[in-house]
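In: Turn this into a structure:
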Amino acid sequence: MKYKKHVSVIVPAYNAENCIEYCLKSLLNLNYPSYEIIIVDNNSTDRTKEIIKKYPVNYLFENKRGSYSARNKGVKHATGEIICFTDSDCIVDKNWLTEIIKPFKYNKVGGVGGKIIPLFNDSNVIEKYSAKLVSNKLMNKTHWICTANAAYRKDLIKFDEKFKSWGDYDLSYRLYRNHIKLSYKKEAIVYHASRKTLKGLVKQIFRYGFYHLMYIKKNHDLRINIDINSYLK
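Out: Purely as a prediction, here's the structure:
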């Protein structure tokens, strides 16, 4: 029998009028029998709310700025046994939920990450570099689960809202430190947009660096070499 659970998909959105509609259409086209979509408007000032309201999804508002504050808000209102995350600038494969849910048939698995493929235009050198940067940061096939493509058992999720980036890495490490098993499912695919301008790329690099240092300072006992293949043995 196939493993199926009711799932909540949570997407934080801040000033996402240029991308949220593509994300919503892909989420509504998922090949999965039982799921809800929760979009958390993180105090946007553009047309994000107006666009979300056109679609049959659950709309929430979070005044406190920060994607992890928005995600925590979504978790509080979620009805699913498993909580899945992606971003407003992502497009999910139609079999994303079907694939990312599979490792949860093992009771000791608490979180699952999937494959993230950069979505960019070959003619833009900024996009190409940004895609490479993001791919290196996401470190596919490791124990770090990134919220652009993530799933967790609901009772395990609590993001540290001090982080504006690297909060997903922080959660992954806290789970690992508490002997919660994480898995990787390459067939669970999400396409992630890349930065298109130099200004956007510079801001991205600065944010990664700043919060990476915060992450290391908080998790001073960080152990890097972990064999993900041992998790399901």
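In: the bottom helix or strand of this structure by mean pLDDT?
Out: The helix or strand of the chain with the poorest confidence is helix 125-138; it has a mean of 51 (mean pLDDT, DSSP states H and E).
In: Show me what the next helix or strand after that helix is packed up against.
Out: Beyond helix 125-138 on the C-terminal side, the first helix or strand identified by DSSP states H and E is strand 150-153. Counting contacts by 3 or more CB pairs under 8 Å, 6 or more residues apart in numbering; DSSP states H and E, strand 150-153 is packed against strand 82-85, strand 109-119. Glycine gets a C-beta too; all of them are placed from N, C-alpha and C.
In: Just say which of the ones you listed is most tucked in.
Out: strand 82-85 (a mean of 25; mean count of other CB atoms under 10 Å).
In: What separation is there between residue 185 and residue 6?
Out: 19 Å (CB to CB, to the nearest Å).
In: got it, and residue 24?
Out: As judged by CB to CB, residue 24 and residue 6 stand 20 Å apart.
In: In terms of neighbours, single out the busier of the two.
Out: In this view residue 24 and residue 6 are compared by other CB atoms under 10 Å, and residue 24 has more residues nearby, 23 against 14.
In: Which positions within the longest strand seen in the chain qualify as buried?
Out: For the chain, the longest strand by residue count, based on DSSP state E, is strand 181-193. Residues of strand 181-193 classed as buried: 181-185, 188-193 (neighbour count, 16 or more other CB atoms under 10 Å).
In: list the contacts for residue 22?
Out: For residue 22, the contacting residues are residue 91, by CB atoms under 8 Å, 6 or more residues apart in numbering.
In: That one should be in a strand, yeah?
Out: No: with DSSP: H, G, I helix; E, B strand; the rest coil as the criterion, residue 22 is located in helix rather than a strand.
In: What is the burial count for residue 179?
Out: Neighbourhood size, residue 179 [other CB under 10 Å]: 8.
In: Give me the secondary structure label for it.
Out: Of the three states, residue 179 takes coil according to three-state DSSP.
In: Start and end of stretch 13-32, how far apart?
Out: End-to-end distance of stretch 13-32: 23 Å, with CA to CA, to the nearest Å as the criterion.
In: Quick check: the gap between the spatially most central residue of the chain and residue 89.
Out: Centroid-nearest residue in the chain: residue 147, 1.8 Å away (criterion: CA atoms, centre = their mean). The gap separating residue 147 from residue 89 is 12 Å, by CB to CB.
In: Stretch 23-37: which residues count as buried?
Out: Of all the residues in stretch 23-37, those buried under the rule 16+ other CB under 10 Å are 23-24, 26-27, 30, 32, 35, 37.
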